[in-house]
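J.: any chance you can model this:
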Amino acid sequence: MKLFGHYVTRLFVVLAGLDAALFMAALALLGGATRCEICEQTGLVGPNPFQAVLLTGAFLLITSSVGLYNTDTVREFRTFLKRFLLASQLIFIGSLLVVGFGGAVAGSRFGWYLIFFSIGIAGFLGVLFSLHLALAWCLGLPFMKRRILVLGEGQYAEAIVDYLEGPGRSHFRHLRTIPSWRPSGGRPRLGNVLLKIAPEERPSIWGVAQELHADEIVVAADDRRGLPVAELLECKLQGVSVVDALTFWEREVGQIDPVHVGAGWLTFSGGFALDRRRRAMKRLFDIVISALFLLAILPVAALTALAIRIESRGPVFYRQERVGLYGKIFRVWKFRSMRADAEGDGVPRWAQTTDDRVTRVGRFIRKVRIDEIPQVFNVLAGDMSFIGPRPERPFFVEQLREQIPHYDLRHRVRPGITGWAQVNYPYGASIEDATRKLAYDLYYLKKNDLLLDFAILVQTVRVVLFAHGAR
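T.: Here you go, the predicted model:
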């Protein structure tokens, strides 16, 4: 479904909505508590409606930032448990600090107050845990699945089917793949095999959709000549959703496939708003966020600089050429995480998972992305944005723009410290990785608004806390 122009999974809406309702109910219960003789509670923690909304927003910010509403939390119990435990700790500590401090100021007996309040938080988290497990079980039931027909044949249709039947797709049910028919009037094909039925004897697509109770038809034909458009229109008029494969991929995966998409689709599809108003708002956002971030992170930056200086000889920072807005070359600032002679031969190389050029301190700061902190100065200077595609080195850009379609489109916005590709995909170390990351970058260019920027900021917390994709 779409929310403010963005595709949002039903899973996110259901889980976040129920969690918010449960949290609001807990606040109402807590605020309506009668006098407790032991802890001298007289409704001290009862928030007014405005405060309740703010607290619920803070609660959802914590649960979203650790990735509790991502689809991988439903498909893998270990992932869910790890994220839920982290969210629980943040909620527990934050609640005690806010409400406990409020109780102390109001003159309650602090010890008893916190004991009873802690029991209440533990009970709430227990109910929240049970609710998520129950929903995960319900989402696997047949009537909860979205029933999909795929129309088409070829590589793209196979890619859609592989996605629908892949791990973590319990909310989908792939009903059938219907081959597309050519306009010549010949016998229909399934791949390279001629079907034995005559074209006039085949059932209509609406008939198949009705028989299998399809919810959606994904058109994934490599060759769209002769598509039964009238039948697809009938399906749409009968309440069955009809989408092309590129739109389905954008909606479900948050990517725009650079290999299959054409300039025509990019031109006539919505989005790609890069006007002056948007750029001015983005620049203001960058300055405010960067200034606040720099103030908050100064102690960590100072300790990092000291650790680098103690471990190895060489400068604390290093500067490297990168490609920025409209292909302009600039020099990016980073904490040095490799040996000073890491590229002594002058040949650029991709960073590998186990790179012997990385120092011990460097391995840690790369894992939690601390090495990126000095790029805030690039943001303040206007060479970068806080959020955008990762800036690449000129040597690799020359290779990638020749091998990957539409690669230069990522240079139509300022590169960023974090971005949609960075929170969804690890560091790239190959042409294939660069292609996958470009798919996310194109999605960011298409949406390109402050709501998505905020979502990326929230997801960056998860990437840092769990050290996803570090090299």
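
J.: walk me through the domains of the chain.
T.: Using automatic domain parsing, the domain parsing of the chain gives 2-139, 142-253, 276-466.

J.: which elements pack onto whichever helix in the chain runs longest?
T.: Counting by DSSP state H, the longest helix found in the chain is helix 276-311. Helix 276-311 sits against strand 329-335, helix 360-367, helix 375-381, strand 385-387, helix 450-466, with contacts defined as 3 or more C-beta pairs under 8 Å, 6 or more residues apart in numbering; DSSP states H and E. Yep, even glycine has a C-beta here, placed from its N, CA and C like the rest.

J.: of those, which approaches Arg173 most closely?
T.: Checking those against Arg173 by C-beta to C-beta gives helix 450-466 as the closest, at 28.2 Å.

J.: does anything pack onto the closest one? Which helices or strands?
T.: With contacts defined as 3+ C-beta pairs under 8 Å, 6+ apart, the packing partners of helix 450-466 are strand 6-7, helix 49-65, helix 77-95, helix 276-311, strand 385-387, strand 416-418, helix 420-424.

J.: any weak-confidence spans in the protein?
T.: Counting by pLDDT under 70, the chain shows low-confidence ranges at 1-7, 30-47, 99-114, 140, 168, 180-203, 341-355, 428, 467-471.

J.: which one is the residue nearest the centre of it nearest to, not counting chain neighbours?
T.: Against the mean C-alpha coordinate of the chain, by C-alpha atoms, centre = their mean, the closest residue is Asn424 at 5.4 Å. Among residues not flanking Asn424 along the chain, Tyr440 sits closest, at 5.4 Å (C-beta to C-beta, 6 or more residues apart in numbering).

J.: helix or strand for the one you found, which one?
T.: Taking DSSP states H and E as the criterion, the element that holds Tyr440 is helix 431-447.

J.: other SSEs contacting that helix?
T.: Under the contact criterion of 3+ C-beta pairs under 8 Å, 6+ apart, helix 431-447 touches helix 245-253, helix 394-403, helix 420-424.

J.: now the one helix or strand His132 maps to: buried residues?
T.: His132 belongs to helix 110-139 when assigned by DSSP H and E. By neighbour count on 16 or more other C-beta atoms under 10 Å, the buried set for helix 110-139 is Tyr113, Leu114, Phe117, Gly120, Ile121, Phe124, Leu125, Leu128, His132, Leu135, Ala136, Leu139.

J.: one step back: now do the residue nearest to Asn424 against Arg393, distance only.
T.: 19 Å (C-beta to C-beta, to the nearest Å).

J.: same question, Pro299
T.: 31 Å.

J.: neighbour count: those two, which is higher?
T.: Arg393 (15 against 8; other C-beta atoms under 10 Å).

J.: phi first, then psi, for that one.
T.: Main-chain dihedrals, Arg393, degrees, to the nearest 10: phi -80, psi 150.

J.: now do the contacts for it.
T.: By C-beta atoms under 8 Å, 6 or more residues apart in numbering, the contact set of Arg393 is Gln320, Glu321, Arg322, Val323, Pro348.
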